[in-house]
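Undergrad: Just need the structure, nothing else, for what follows:
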Amino acid sequence: MKDLLPAEDGALNLSQLEEALSWEEKNPLLDPRAWLDLEAQHGPDFPRAVLYVLTRKSFEPREARRYWRGILNHRRALREVLGRDVGLRAALCDYFVNIEPAVKSPIILEEELFAQKEQTALCDELTGLFNRRLFNSVLGKQIASSRRYGHCFSLLLLDVDWFKVYNDRHGHLAGDQALVDIAGILHGSARNIDYVVRFGGEEFAVILPLADKEQALAVAQRHLRAVEEHEFAGQEVMPRGRLTISVGVATYPDDAQNALDLINRADQALYAAKRRGRDLVMAAKPERRRHPRISFRGEVSYRYLDSQQVYLRGQALDISQGGLGLHATESVEAQRPMEIIIQAPGQKLDINVQGSVVRVSLLPGTRPGYRLGVALDDSQTQQPGYQALLANGPRTLQ
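TA: Numbering: from 1, shown residues only. Reported below is the predicted structural model:
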């Protein structure tokens, strides 16, 4: 079994671990010390990885080690009492039901059927890559892990250049095949520990655990060249005679302090690559904000100043001396003047300000939503109520 688990890039490959556990069922490792040797070889994350493969439940590192060693000892105790080995999975199930009830109401499900259902839930139907649901989950866990252990990771956003031209010339079936080809190229040129995702339409994303900006740029260039070198059917109709991609790179925590901002920074870098001619990799640049943003959560109502429409509902995300960030359920037109009413907690009167939207971006998640960046001039932000919000903000973001 040891040979089935090569240590690569300091991380365990879950598919290899699943294969090794299947092997173990036919060739039982009955001595707990053999498992402890594997843990010593592959590091402190080994118990967490094994328990995740067996239960699809994430445990804290210290908790995972305690449970894992308890399961090994429980398996040995059952063997001594029953006179036969019950197997690792049966010992784990009995341990979590009768010794440490950490998994409530377990359901027995054939492994192949479970794998099919899991793949359907987490993978894109066309390309077979991970989908946005998995992306959102992994991104959140990467940020939590980075905050706890102090390491960085990076995000790539990749978009197919002039894809509408290819679709219009060859049809949607050919366009779908091109996306399938690109998905295979990205998967093939990714590291074993990376998460390659179909982000939506002709846009892809790659989460790069433990990669700093320099490493992420090298990976992005590798993806770019791999797509350039592929012979797509009918690519001669494209503006440059071939199908290409543009890539935006952002690194946590250097470029952003939360998931949404990291996506926005990678997205800004991607469109900077588009503006500079496409078929390029661009990295997020340090923001030079005039005013620090302050985390703030509060209900807001908003509408266009030049319209008689009813007020729409939204939520403030952050505020600054220069404006505020909003979560809206509907997209709005950039640069159009708006009226915003902020329902400030602890203040008797609502705060009414006027400004214009300078940035609109899609929020991650399955429910529709948009992040709006609204610029306010000094006459609006100098209102006593708004200044009180700035003074009482819980923390500065950057």
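Undergrad: Tell me where the stretch 101-250 of the chain has helices.
TA: All helices of the stretch 101-250 of the chain, identified by DSSP state H, counting those that start in this stretch, fall at 111-122, 132-149, 163-170, 172-189, 213-229.
Undergrad: Turn those into TSV, including distance to Pro253.
TA: (Each C-beta comes from the backbone N, C-alpha and C, glycine too.) As requested, these are exported to TSV (distance: least, CB to CB, whole Å):
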stretch	distance to Pro253
helix 111-122	26
helix 132-149	7
helix 163-170	32
helix 172-189	25
helix 213-229	11
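Undergrad: Dump the ones you listed to TSV, plus mean neighbour count, distance to Phe59 and mean pLDDT.
TA: Below are these laid out as TSV (neighbours: other CB atoms under 10 Å; distance: least, CB to CB, whole Å; pLDDT from 0 to 100):
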stretch	mean neighbour count	distance to Phe59	mean pLDDT
helix 111-122	11	18	54
helix 132-149	16	13	88
helix 163-170	16	42	93
helix 172-189	17	29	95
helix 213-229	17	29	96
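Undergrad: Out of those, which gets nearest to Val249?
TA: Taking CB to CB, helix 213-229 is the member of the helices of the stretch 101-250 of the chain nearest to Val249, at 5.0 Å.
Undergrad: Minimum distance to Val332: which of the helices of the stretch 101-250 of the chain has it?
TA: Proximity to Val332, assessed across those by CB to CB, is greatest for helix 132-149 (22.6 Å).
Undergrad: domain ranges for the protein?
TA: Domain ranges of the chain: 2-108, 126-283, 294-392, per automatic domain parsing.
Undergrad: Quick check: mean pLDDT of the first one?
TA: Meaning domain 2-108. Average pLDDT, domain 2-108: 76.
Undergrad: now that domain, how far from the centre of its chain.
TA: 27 Å (CA atoms, centre = their mean, to the nearest Å).
Undergrad: what do you get for the second one?
TA: The chain centre lies 12 Å from the centre of domain 126-283; the measure is CA atoms, centre = their mean.
Undergrad: In the protein, which residue is most central in space?
TA: Geometric centre of the chain, nearest residue: Leu139, 2.7 Å, by CA atoms, centre = their mean.
Undergrad: Neighbours of the nearest residue to it once chain neighbours are set aside, how many?
TA: In space, Leu139 comes closest to Ala259 once its chain neighbours are excluded; the distance is 5.0 Å by CB to CB, 6 or more residues apart in numbering. Using other CB atoms under 10 Å, Ala259 has 19 neighbouring residues.
Undergrad: Same question for the one 3 residues further on.
TA: Applying other CB under 10 Å, we find 26 residues neighbouring Leu262.
Undergrad: Please apply the same query to the one 5 residues further on.
TA: Burial measure for Asp267: 21 neighbouring residues, criterion other CB under 10 Å.
Undergrad: Check what pLDDT it gets.
TA: Confidence score, pLDDT, at Asp267: 90.
Undergrad: hang on, it is in a strand, isn't it?
TA: No: in this structure, Asp267 is helix, not part of a strand, as judged by DSSP: H, G, I helix; E, B strand; the rest coil.
Undergrad: right, and it touches Arg371 too?
TA: No: counting by CB atoms under 8 Å, Asp267 sits too far from Arg371 to count as a contact (10.5 Å).
Undergrad: which neighbours do the two share?
TA: Common contacts of Asp267 and Arg371, defined by CB atoms under 8 Å, 6 or more residues apart in numbering, comprise Ser361.
Undergrad: can you state the direction angle for the longest helix seen in the chain and helix 132-149?
TA: Counting residues, the longest helix in the chain under DSSP state H turns out to be helix 61-82. When axes from the mean of the first three to the mean of the last three CA atoms, to 10 degrees is applied, the directions of helix 61-82 and helix 132-149 differ by 100 degrees.
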